[in-house]
Structure formats: structure tokens, C-alpha cells
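[1] sequence first, predicted model second:
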Amino acid sequence: MTDVHEATKVAGSTRELVILSLYPRDMNIYGDRGNVLALTRRARAHGYDPVVIDLNPGDPMPAHVDVVIGGGGQDSGQGRVAADLLDRKADFHALAEVGTPMLLVCGLYQLFGHRFITHTGETLEGIGVLDVETRGGSDRMIGNIVLESDDLGEIIGYENHSGNTTLGPGSRPLGRVLQGAGNNPTSGEEGARTRNVIGTYLHGSLLPKNPAVIDFLIGEAAKARYGTFAPSVEVSETVTRARASAKRRPR
Ligand code: GLN
């Protein structure tokens with residue numbers, strides 16, 4: 001993954017964006033690290049200098065963070081990071097409250113909610129940045145998934161989870177499910193948003209196929225740090241073709 005760390009070579013820039021990559025050792029399933037790659041590449045194309053900081057259990061929190069990004073993992077991986085995340089609860093609430101954009105996929109989506117109760121009945125306490133709760137079920141929801149969102153257009157990804165997530169009034173869904181399961185088999189909704197924090201079940205990786213989500217993350221970070229954001233990057237033909245191909249695939 002040298003590509004990701006190439007970004008850290010840029011130092012002392014006036015247009016840096018600090019990306020905090022959460023628990024890449026334990027929470028990096030179905031290519032979620034690809035989200036960090038896509039984010040850094042598109043940030044560079046927009047004229048910013050992304051600096052990626054990996055945060056694994058026990059690591060110090062950086063002094064400044066512009067974007068937070070985290071992936072999924074098995075229940076065992078979630079068990080390894082849950083206590084460390086709880087220790088940082090106040091830090092992440094403070095970041096969310098000032099509007100820091102965050103993308104948390106699957107396992108970390110669940111732990112950014114109030115709690116994840118596994119299918120064996122164990123409770124992993126979450127940090128409650130998102131107003132959601134998840135219960136492990138006996139059936140897995142697996143396959144390509146397509147959502148329709150109000151401000152980020154059609155979002156395309158791949159889900160694989162047994163957790164059933166329900167939203168409280170403090171979060172709104174990321175989108176309505178056009179194909180697939182989403183938060184649970186009955187709600188017809190996927191993901192959760194509170195302020196600029198997005199939780200979602202979509203792997204894929206998600207970001208390479210969804211530049212509108214990247215531009216939301218970079219845009220909110222850039223506006224908070226530099227006052228403006230003028231998107232200047234076209235969407236490539238490869239991305240358009242990847243989206244079309246993922247949509248055609250059966251579940
Ligand atoms: N253990 C969780 C579930 O299956 C998370 C899975 C994941 O991150 N892909 O619900």
C-alpha cells in the first residue's frame with residue numbers, strides 16, 4: 001500500500017488535508033483500504049495535499065484531523081478495536097460536532113453507533129456518534145447494492161453483513177435501497193448520517209465507484225479548513241463503466 005503513504009511525503013503544505021485512517025490493521029475487509037487510496041488520489045486532483053495517518057489501537061490521536069475514514073471487519077476484528085475506540089469517544093464526538101466529515105463502513109459503522117449486539121449475545125459498546133443500534137442476525141445480507149440518495153445521487157457498493165441496524169431520530173438514512181438489503185431486510189433504507197458523519201454497509205470499495213461521496217468528504221473538509229471548495233475534477237470513463245458494470249451484476 002505504498003501509494004497511500006506516498007501522500008504522507010508532502011509536508012508543510014498550505015493546502016494539506018489530514019486523513020485519519022481508522023484501524024487499518026483490523027478493519028480492512030473487502031478492499032476498504034481502497035477508500036483511502038481513492039480519497040487521496042482525488043484530493044490531489046482537486047489540488048490538495050493529503051496526509052494519511054493510520055490509527056491502530058494504542059496510537060496517539062493526531063493534533064489535527066480533516067477527514068476520518070474507517071472500514072469493516074469481522075466480529076473478532078471489531079472486538080479488538082472496540083475498547084480503544086471507546087477510550088477516544090470524546091475525541092470523535094468533538095470532531096463530529098465541529099462538522100468533520102467521516103466515512104465509516106460496516107464494522108466501524110456499527111461501532112460508531114450506540115452498540116453492536118453480536119449474534120452470540122455479546123454487547124460491543126459503541127461511541128454513539130451515530131444514533132443507530134445493531135443486532136447480529138442469523139442471515140447474511142450479501143451482494144451488490146444500489147441506493148438513491150437526496151444529495152449524493154445514486155450510490156453503488158457491495159454489502160456483506162449479518163448485523164441489522166435501526167436508526168433513532170438523531171440520524172437520517174444515507175439513501176433508499178433500490179437493489180439489495182441495506183440497514184436491515186425491512187426498512188428499505190441504507191446507512192446513517194449525523195452532521196457530516198456517514199455510516200454505511202457499502203464496501204466495494206465504495207469510494208472508487210462513488211466520486212460524489214469523495215467530493216462530499218473533501219468538500220466539507222476543505223470548506224472547514226480553507227473556506228471554499230471548487231470541485232475541478234471530471235469523473236473518468238473508467239468510473240462510469242465500473243458503476244454500470246456493478247449495477248448489472250446479480251446479487
Ligand atoms: N460483523 C459485522 C456484521 O456482519 C460487520 C461485517 C463487516 O464489516 N463486513 O454485521
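    Looks like it came in fine.

[2] buried sites along the one helix or strand residue 162 maps to?
    Secondary structure assignment for residue 162, by DSSP states H and E: strand 154-167. Buried residues in strand 154-167, counted by 16 or more other CB atoms under 10 Å: 155-159, 161-167. C-beta coordinates here come from the backbone N, C-alpha and C atoms, glycine included.

[3] show me which of those neighbour the ligand.
    Under the cut-off given by CB under 6 Å from any ligand atom, the ligand has 161-163 from the buried residues of strand 154-167 close to it.

[4] would TSV of these with pLDDT be doable?
    TSV is the format used below for these (pLDDT from 0 to 100):
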residue	pLDDT
161	96
162	96
163	97
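
[5] and which of those residues is nearest to residue 180?
    residue 161 (11.0 Å; CB to CB).

[6] so who does that closest one touch?
    72, 106, 140-141, 201 (CB atoms under 8 Å, 6 or more residues apart in numbering).

[7] for the stretch 151-251 of the chain, what lies in contact range of the ligand?
    Checking the stretch 151-251 of the chain against the ligand by CB under 6 Å from any ligand atom, the hits are 160-163.

[8] which sections of the protein are below the confidence cut-off?
    Counting by pLDDT under 70, the chain shows low-confidence ranges at 1-13.

[9] tell me where the longest helix sits in it.
    Assignment by DSSP state H gives helix 211-226 as the longest helix of the chain.

[10] quick one: contacts of the following helix or strand past it?
    Helices and strands here follow DSSP H and E; after helix 211-226, the next one along the chain is helix 237-248. Helix 237-248 has contacts (CB under 8 Å, 6+ apart) with 144, 146, 154, 156-158, 179, 204, 208-211.

[11] buried sites along helix 237-248?
    Buried, per 16+ other CB under 10 Å, within helix 237-248: 242-243, 246.

[12] which among the residues you listed gets closest to the ligand?
    When those are compared for distance to the ligand (CB to the nearest ligand atom), residue 246 wins out at 17.2 Å.

[13] what ranges do the helices span in the stretch 1-150 of the chain?
    With DSSP state H, counting those that start in this stretch, the ranges of helices along the stretch 1-150 of the chain come out as 2-6, 33-45, 75-87, 89-97, 107-111.

[14] just these: most buried one?
    helix 107-111 (a mean of 30; mean count of other CB atoms under 10 Å).

[15] what residues are up against residue 65?
    Per CB under 8 Å, 6+ apart, neighbours of residue 65: 18, 20, 53, 95, 100.

[16] now it: how far from residue 52?
    11 Å (CB to CB, to the nearest Å).

[17] I'd guessed residue 191 sits against residue 177; true?
    No: counting by CB atoms under 8 Å, residue 191 stays clear of residue 177, with 9.7 Å between them.

[18] neighbour-wise, which of these two wins?
    The neighbour comparison of residue 191 against residue 177 (other CB atoms under 10 Å) goes to residue 191, with 29 against 20.
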